[in-house]
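J.: Predicted coordinates and the sequence they were generated for:
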Amino acid sequence: VQDQSAMELRCQDGCVLGGAWVLDIGSKGRFTSSTMAYKSVANFSNPAARGYLMVVAGGPWSLQDCQLWSEYSAAVLACEAAEIEFKSCLLSGTGDLERRCKCGVSAMDEARIRLHECTIQHGTTGVRMCSMSAASLVRCNILKCTLGLALGDSGTAIMDKCMLSENDVGNLVAFKDSQKSILKMQDCTLGPVLLGGTPQTEGVTDQDGFPEGQWASEDRPGQIEQHHTEFPPRAKAMDWRNISDLMESVVQTSWKSAEKVVLNATESLEQQLQDAQEHRKLLSDFLQSMQHMNQTHPAGSTGESVRP
């Protein structure tokens, strides 16, 4: 959607919009009840070329009751003077590991984002704010990502009644350039972290009032305010022993699969060898039969001999 253009789009049930969207500087519009899907063409070993489902540089833009499914690429990049609002939307990867999206929402420059009652899930990072960008999140969930909320380089996040839980390495992370970043949390819930950090000890918090393991980094934003934040116990978190057992199970399963492949290949080769031996025996019997015919009917007695 180009400069000075406006668009309003509403999709019927079952309609899926494929491909990438670029909402340029000076554009504006609204998406309602739309489902979008995008899969990066980049190889998993080339993360720099992962791409984006939606790049927003203009505004105001509004998305309501929409679903954005992004495999390996990022769902939304807000840049330049972007202004975008999400209401009751889902921003998600299509599964775990390489099927995760690069990021649910990534903002830079002076982009402004508002998310209300949205769910961000299955991303390498759920929400990432940096380079003077700012986001307001109300009643949102950030779940099942590698990292929940990331702040760096003067990024700001203001969260009200949000939940961050079941993220692998940490619900929160700050980059080394985050001294001017701002994090404000009101009535939020920070649930268990699956893999990262250390086991939560009852009553033990860090200098900012967060239990151990919530932050995936030693760095912190320059300004942190958190009021009435709840921290459920980590009873459901996986410890390293369980992870080791899980990886051992994966390895054993992989070996069994490999052994099965080798066994099937061996059986196939043995069958091919057996078939070749049978063919060789048939050929030998045929040659012997021809030699016997030549001996029984020598050349010149009953005509020309038959030669193989």
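T.: Everything's here; your move.
J.: Can I take it that Arg280 is in a helix?
T.: Yes. Assigned with DSSP: H, G, I helix; E, B strand; the rest coil, Arg280 falls within a helix.
J.: Please report the distance of it from Ser70.
T.: 58 Å (C-beta to C-beta, to the nearest Å). Placement of C-beta: from N, CA and C, glycine included.
J.: Would you enumerate the residues in contact with the nearest residue to Met129 once chain neighbours are set aside?
T.: Spatially, and ignoring its direct neighbours in sequence, Met129 is nearest to Gly155 (3.2 Å; C-beta to C-beta, 6 or more residues apart in numbering). Gly155 is in contact with 107, 128-134, 178, 181-182, counting by C-beta atoms under 8 Å, 6 or more residues apart in numbering.
J.: One more pass at 7 Å, please.
T.: By C-beta atoms under 7 Å, 6 or more residues apart in numbering, the contact set of Gly155 is 129-131, 133, 181.
J.: go on, Thr156?
T.: Contacts of Thr156 (C-beta under 7 Å, 6+ apart): 129, 134, 181-182.
J.: let's see it at 6 Å
T.: Neighbour list for Thr156: 134, 182 [criterion: C-beta atoms under 6 Å, 6 or more residues apart in numbering].
J.: For it, list each beta-bridge partner.
T.: Ala134, Ile182 (DSSP bridges).
J.: mind starting the numbering at 32 from now?
T.: Taking 32 as the first residue, the last one we looked at is Thr187.
J.: still on that earlier bit, pull up the per-residue confidence for the residue nearest to Met160.
T.: With respect to pLDDT, Gly186 scores 94.
J.: is it true that Asn325 lies in a helix?
T.: Yes. Counting by three-state DSSP, Asn325 is part of a helix.
J.: So Arg311 and Ser101 - more neighbours on which side?
T.: Ser101 (31 against 10; other C-beta atoms under 10 Å).
J.: Check which helix or strand that one maps to.
T.: Using DSSP states H and E, the element containing Ser101 is strand 98-102.
J.: And for Ala307?
T.: helix 271-327.
J.: who does the strand holding Ser101 pair up with?
T.: For strand 98-102, pairing defined by DSSP bridges yields strand 66-70 (parallel), strand 121-123 (parallel).
J.: quick one: the shortest one to chain centroid distance?
T.: In terms of C-alpha atoms, centre = their mean, to the nearest Å, the gap separating the centre of strand 121-123 from the centre of its chain is 11 Å.
J.: The first one too?
T.: The gap between the average C-alpha position of strand 66-70 and the chain average comes to 13 Å, counting by C-alpha atoms, centre = their mean.
J.: other SSEs contacting the helix or strand just after it?
T.: Using DSSP H and E, the helix or strand that follows strand 66-70 towards the C-terminus is strand 83-87. Applying 3 or more C-beta pairs under 6 Å, 6 or more residues apart in numbering; DSSP states H and E, one finds that strand 83-87 contacts strand 52-54, strand 105-109.
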